[in-house]
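In: here's a sequence, model it:
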Amino acid sequence: MKPPTARDVAERAGVSRAAVSFVFSGRAQGNLSARTQQRIKEAADALGYRPDEVARSLRGRRTGVIGMLSDAIATSPFAGRLVLGAMEAARSRGHQILLMESRGDAPAEAEAIAELRARRVDGFVYAAMELSTADVPASLDPARTVLANCLPRTADRYAAVLTDERAGGRSAVEALLTAGHRDIALVGGPAGNIAADERAQGFADGMRAAGLAVRDKWLLRAGWQIDEGYTAAMRVLETGPPTAVVCANDRVAAGVLLAAARLGISVPQDLSVVGYDDQDQLAAHLVPALTTVALPHHAMGAAAVHALLDAVEAGDPVAPRQVRLHCPLVARDSVAAPLLQ
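Out: Alright, predicted model coming up:
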């Protein structure tokens with residue numbers, strides 16, 4: 001039995017062969033309605049039609065493959081979201097992701113790039129699992145590369161998709177202000193870290209906009225871990241405690257909850273706590289469940305792929321601009337109105 005052809009799909013869907021070609025070449029947007037695209041896809045699925053990828057790549061001088069290089073995959077709780085977002089976006093546009101990991105090792109990174117280039121990938125997504133400044137290898141052409149969760153250390157020649165950490169820090173404060181808090185502390189991340197610094201700046205923005213000053217004893221820069229959050233919280237809560245705390249991340253927030261329990265302070269009745277990250281298997285499972293600011297890693301992976309493929313399909317270089325993604329607040333049980341003083 002002969003495999004179904006594009007002509008068969010066109011006949012079943014009641015469209016032209018060109019319309020079928022638009023859908024499976026990623027050029028349907030702006031040329032076909034969403035309803036027509038869906039009808040073509042349903043016809044293709046019913047017939048079991050798959051485009052000839054080899055012939056298509058030869059005609060378009062593309063391979064339908066994106067090279068994705070990351071510094072860490074297995075070691076990061078957020079890696080899966082970013083990679084999944086990239087893979088789903090690529091698949092929706094007729095591409096696949098070829099994923100490689102460098103573990104921060106320069107020779108391994110060079111070898112991975114050489115392997116991806118040998119496979120003639122259509123472009124690169126260069127990803128970091130922690131917001132950072134990166135020494136992007138010179139072998140990655142800015143015209144066909146998008147950075148995800150990192151910034152180039154040298155001139156801004158590369159496109160980059162990042163989280164809006166500063167706005168996220170401000171939204172954490174605003175959630176507490178809305179609940180009625182005015183005495184708010186920050187247990188922040190390590191000074192000199194990009195994400196920690198931007199979250200702290202957002203905290204200051206929110207307090208300043210509300211006309212509130214932060215006492216020095218309520219402004220601590222600790223680290224990222226539970227024990228560091230616990231130690232910092234014990235210092236803050238033992239004398240002149242605030243009614244609310246914004247934390248560097250969810251692990252630090254877990255340390256704050258432990259310190260509060262140690263001191264007999266009830267959360268959220270006596271103290272409200274906001275984290276950052278919405279870390280899997282942590283934020284929603286703390287007691288009480290943690291209100292936190294989510295990192296949109298899935299959306300970041302998808303946005304990086306779309307930015308790359310928009311340029312590839314248009315035959316243009318990738319525009320060297322930064323895209324900052326919104327970090328949404330996830331409201332749970334760790335925030336309540338302060339008790340009347």
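In: how far away is N249 from P190?
Out: According to CB to CB, to the nearest Å, N249 and P190 sit 11 Å apart. In this view, the C-beta of every residue, glycine as well, is placed from N, C-alpha and C.
In: and these two? which has more neighbours close in?
Out: Neighbour count, other CB atoms under 10 Å: between N249 and P190, N249 has more, with 27 against 14.
In: hang on, that one packs against V274?
Out: No - counting by CB atoms under 8 Å, N249 does not reach V274; the two are 10.8 Å apart.
In: what strands line up against the helix or strand hosting V187, and which way round?
Out: V187 belongs to strand 184-188 when elements are defined using DSSP states H and E. Sheet pairing of strand 184-188 (DSSP bridges) gives strand 219-221 (parallel), strand 244-247 (parallel).
In: before we move on, back to that, identify the contacts common to N249 and P190.
Out: Here N249 and P190 share the contacting residues W224, scored by CB atoms under 8 Å, 6 or more residues apart in numbering.
In: give the contact list for R157.
Out: 142, 320.
In: look at it and give its secondary structure.
Out: coil (DSSP: H, G, I helix; E, B strand; the rest coil).
In: and it, how far is that from V146?
Out: 12 Å.
In: can you give the domain ranges for this structure?
Out: The chain resolves into domains spanning 6-47, 63-163+297-325, 165-295 when parsed by automatic domain parsing.
In: by mean pLDDT, which helix or strand of the protein comes out lowest?
Out: helix 53-60 (a mean of 46; mean pLDDT, DSSP states H and E).
In: what about the stretch 201-341 of the chain, any weak spots by pLDDT?
Out: 340-341 (pLDDT under 70).
In: helices along that one, start to end?
Out: Taking DSSP state H, counting those that start in this stretch as the test, the helices found in the stretch 201-341 of the chain are 226-238, 250-262, 297-314.
In: show me how far the second one is from its chain's centre.
Out: Between the centre of helix 250-262 and the centre of its chain there are 25 Å (CA atoms, centre = their mean, to the nearest Å).
In: stretch 6-22 now?
Out: The answer for stretch 6-22 is 37 Å, by CA atoms, centre = their mean.
In: please work out which of the strands paired with strand 184-188 is packed deepest.
Out: strand 244-247 (a mean of 31; mean count of other CB atoms under 10 Å).
In: if we look at it, which residues are touching it?
Out: 169, 172-173, 176, 179, 181, 183-187, 203, 229, 233, 236, 253, 256, 271-276, 335, 338.
In: C-alpha coordinates for that strand, PDB please?
Out: The C-alpha coordinates for strand 244-247 follow below in PDB (Å, rounded to 0.1, in the frame of the first residue of the first chain):
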ATOM      1  CA  ALA A 244       6.300  39.600  56.600                       C
ATOM      2  CA  VAL A 245       9.500  38.300  54.800                       C
ATOM      3  CA  VAL A 246      10.400  38.200  51.200                       C
ATOM      4  CA  CYS A 247      12.800  35.400  50.500                       C
END
